[in-house]
Structure formats: C-alpha cells, structure tokens
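1. Need coordinates for the below:
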Amino acid sequence: LPRRQPNHRVQRTVAITTRSIHTYNSQPPSWRMRSAFKSFLISLIIATHCHWRPLSAVAAAAETNLDEKSLAMANRSFAMANRIIKKVKENENPPPSWNMILQVMENSFLGAADDNSNSNIYQSSPREEKGREHALQWLAHDDTSSSNLSDDEYDRGLLHRYALATIYFATGGDDWNTCSRKQTSICESVEERYLSPYHHTKWSGINGKNGQTTWLNLSDQGLSSSTFLPLEVTLLSPSLELLWVSENEQLNGMLPSYLGEFQSLVSLSVYKTSVSGAIPESVYTIPKLNSIRLYKSKFEGGISPKIENLKELKWLWIHDNGFTGRIPEQIAGLGKLEGVTFHGNKFTPIETPNGVENSILKSNIIPEALCNLKEISLKHLWTDCDEGALSPALSEGGGGKKTKFVVKEGVQACSCCTRCFPRKDEKIVAAIN
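-> Have a look, this model is predicted:
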C-alpha cells in the first residue's frame, strides 16, 4: 500500500520519540527498562499511522517527507530543557522547592517520570503547565537575545529569564495592560517590552544585577491566574527583594508556603487582588520583611503570634479582608512598626473587664500592649468603630459643603488609634484626633 503523508500529529510523535532516545541514553538502567516499553509503543503508533517499519525516529524521518528542520527544532527544545535543568542542579544549596520544581520540569520536558506523577509532586493548573511549555519553546526557538548578550551574560541569567517567561505566559502576558510582547500594547521603550531580545532586567517592572532579579513589580498589569504565580517564581527566591502583584483583580489562588524561602524579600504587596486563604506560617520567617500590603483582597484566617519574628516590619496594611480571631499581643514586640490597618475584617473584639467603665468602644479589637508602640515608632493605627459612635459634620470640599462623620466626643475606638472606620459597608471615614 502507498505510504500515508505524515500529518502534524505524526510529526509531533516523531519529535517526542527523538527526545525519548536522547533521554534514554542518558538515564540509569532502571529507568531505561521502564522507558524502553514506552518507546516501543510509540514506534508502533508511528508504524500504524504511516505504514512505517518500526525504525528509529531518525531513520523514520529520513524515509518520509519529514524535513530536518522539524527534527532540529525538537533537538533545540530538548537541549534547552536539559540546560535549564542542569542550571537548577548546579546550585549547591537549593531551597526545598527547587527539588519540587526539578521533578516537575523533568516530567514536563523530558517525560522522565510516570504519567500523572506531577499530581503527586505539585498540582499545576493547565494554564501554568502551558506557560511552562511556552516559555521553553520561546527560549529554544524565538529568543534572539544572543545578538545583545554575551554567552556569559545569557548563561548567568538563564534561570531567571526562563522563570519570568513562564510567569508571563502563565498569567496571560499577551493580554497584559502594558509592555506585553504584542506591539499594540503601550510601552515606553522596546527594551522594556516583555520577551524582548534585551536583558530581562530591563523589562518593565524588573530590576536586578548580574542577571539576578531583585525587583518584580507586576502591579496593575492585568494578571490572570487561578493559582497565584507559577512554581517557577521560586527560581527568583535567592535574590528577590520586592514582590508586587497588586491591583490585579483576576489574580486568584493563595499565597504559597514556599514564600518563606524568599529570605531576601523586603516588600510583599498583594493588595486589590482576588487572592484568598490565610497568610502562610512561612511568611513569618522572612527576616528582612518590612512591608506587607494585602488590603482589599480576599484573605482570611488569623494572624499568627509568630508575627513577632518580623523584627524589621514597618507597615502592615491588611484592611478590608476576612481575617478572624484575636489580634495577637505579640505584635507589640515589633519595635519598628509605623503603620497598621486592621479595619474591615472580622477580628474578635477584646473583652472589657466587668465593672470597668471607660470610653473605649465595645468593638475594640486592638491589644492595649500595641498602644505602647506609639511612644516608640507607631504613627498610624486604623481600626473599626461602631456606627453609633459617629456623628455627622459638615466639611468644605471641592464641590461645596459635604457631610462627613466624626467620632463622638468622649468616645474612642481604642486608646491609641489614629483613625477608625464604621463596620457597615458604607464608604464613610471617621477621624480621631
């Protein structure tokens, strides 16, 4: 019978087979035995589709009309995957999550694990998995940075370039508000455009040195994800000092526990997003963290007493979420704290001892010990106040006199609060002092 013309599916099968041969030759005997049967099945599939004899992928390609370009592209993808994996393995003291991402990449790129084994390692969303694949293909075939970077520069920054490309594809980068790779998106310069052939530390919102990313600011970019950021963001953990992904309403998921590996992190900003869940306990182990801004999102759960470990913390803005429980007294041990916002959550009020009369609202959620910081560092402390504790007053505004609400005379939300907000949903602001 005449040989069928190979279609795109068959070409993909040949490419995968070629990749499997390279992988087979580089693996230990135990792995080869398991993989050999898979390769045999692939050969049978090729033979069934195209009436080929079960030869190697290279011989099969030579006997058909499959061009050398297709095989060359497959080999470039395989070579780039191995290069990235090798860079991960070269790290002498990798964070724990790097072992996880190594297994995920080996499975995704090389097929070096059993089917569906990623679900036992790390649960990638379909979009994240596609982002991983697109990033690899971009690096292997479309990245033209070799014209602008030396081999040494490229090699030093390869892991970060791969991680940033994965973040781009996994969060809908082509639809970002600014500086996407699409020329129709607004961007101040060609260098700042994502996936441009220039050094990745010149891309919009990114700063770094020696190929290592120190700042990642993707605020108000229109990120879209169901799982926060892809696992590849951990490849930035040794050097990243600033992580800002605020004002992205389509950014969902939860803060991952591996955030605690970002031991150089100084500022974490995830406000005005749809990110939910509790603050991971690991976050309280980041020694340099001085700013946490999570307000107007969907966070919940309690604030851990371990917050006392964040000795450098200056700003804690967590208002308008769903946090619950008591605010821990240990927060009073943060001697550098300057600003805190607690209002608009579901914190448990502090009970007033029986028989004690004072002007503090029954809805007070602030530990008295926190007020001691007002003499040391605390400048701004915002909390809730009851609707009945507010009185209307007129104020001059740009459009004439407007009604605002102030706390009634002789009433306080807490003994040291600088501002309080009514518990109801109305957008009314009340000032103390």
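
2. use CA for all of it now, contacts and neighbours both
-> Will do.

3. Now for N93, which secondary structure element holds it?
-> Assessed by DSSP states H and E, N93 sits outside every helix and strand.

4. how near is it to E261?
-> The gap separating N93 from E261 is 12 Å, by Cα to Cα, to the nearest Å.

5. which of these two has more neighbours?
-> E261 (20 against 8; other Cα atoms under 10 Å).

6. close enough to count as contact, the more buried one and L235?
-> No - between E261 and L235 there is no contact under Cα atoms under 8 Å: 10.2 Å.

7. tell me, what's touching the two both at once?
-> Common neighbours of E261 and L235 are not found (criterion: Cα atoms under 8 Å, 6 or more residues apart in numbering).

8. all helices of the stretch 101-250 of the chain, in order?
-> For the stretch 101-250 of the chain, helices defined by DSSP state H, counting those that start in this stretch occupy the ranges 118-121, 126-137, 151-156, 158-170.

9. Looking at the second one now, give me its mean pLDDT.
-> Averaging pLDDT along helix 126-137 gives 96.

10. Poorly predicted segments of the stretch 101-250 of the chain, please.
-> For the stretch 101-250 of the chain, the stretches with pLDDT under 70 are 112-121.

11. For it, just list every one of the strands.
-> 206-209, 212-217, 242-244 (DSSP state E, counting those that start in this stretch).

12. Adding distance to L229 and mean neighbour count, write those out as JSON lines.
-> Shown next, in JSON lines, are the strands of the stretch 101-250 of the chain (distance: least, Cα to Cα, whole Å; neighbours: other Cα atoms under 10 Å):
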{"stretch": "strand 206-209", "distance to L229": "16", "mean neighbour count": "16"}
{"stretch": "strand 212-217", "distance to L229": "12", "mean neighbour count": "21"}
{"stretch": "strand 242-244", "distance to L229": "11", "mean neighbour count": "20"}
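
13. quick revisit: please convert the helices of the stretch 101-250 of the chain to JSON lines, extending it with mean neighbour count and distance to E68.
-> Converted to JSON lines, the helices of the stretch 101-250 of the chain look like this (neighbours: other Cα atoms under 10 Å; distance: least, Cα to Cα, whole Å):
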{"stretch": "helix 118-121", "mean neighbour count": "12", "distance to E68": "32"}
{"stretch": "helix 126-137", "mean neighbour count": "20", "distance to E68": "18"}
{"stretch": "helix 151-156", "mean neighbour count": "14", "distance to E68": "26"}
{"stretch": "helix 158-170", "mean neighbour count": "23", "distance to E68": "27"}
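
14. Of all the ones you listed, which one is nearest C187?
-> helix 158-170 (15.5 Å; Cα to Cα).

15. Packing partners of that closest one?
-> Packing partners of helix 158-170 (3 or more Cα pairs under 8 Å, 6 or more residues apart in numbering; DSSP states H and E): helix 68-90, helix 126-137.

16. Include distance to F228 when you put the ones you listed into TSV, please.
-> Listed next are the helices and strands packed on helix 158-170 as TSV, based on distance: least, Cα to Cα, whole Å:
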stretch	distance to F228
helix 68-90	22
helix 126-137	10
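
17. would you turn the strands of the stretch 101-250 of the chain into a markdown table with distance to R161?
-> Shown next, in a markdown table, are those (distance: least, Cα to Cα, whole Å):
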| stretch | distance to R161 |
| --- | --- |
| strand 206-209 | 11 |
| strand 212-217 | 9 |
| strand 242-244 | 16 |
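
18. could you pull out the helices for the stretch 251-400 of the chain?
-> 368-371.

19. So, low pLDDT: which residues of it?
-> Using pLDDT under 70, the stretch 251-400 of the chain drops low at 352-362, 386-400.

20. of all the strands of the stretch 101-250 of the chain, which lies closest to A163?
-> That would be strand 212-217 among the strands of the stretch 101-250 of the chain, by Cα to Cα, at 10.1 Å.

21. Relative to the whole chain's centre, how far out is the closest one?
-> Put simply, strand 212-217 sits 12 Å off its chain's centre (Cα atoms, centre = their mean, to the nearest Å).
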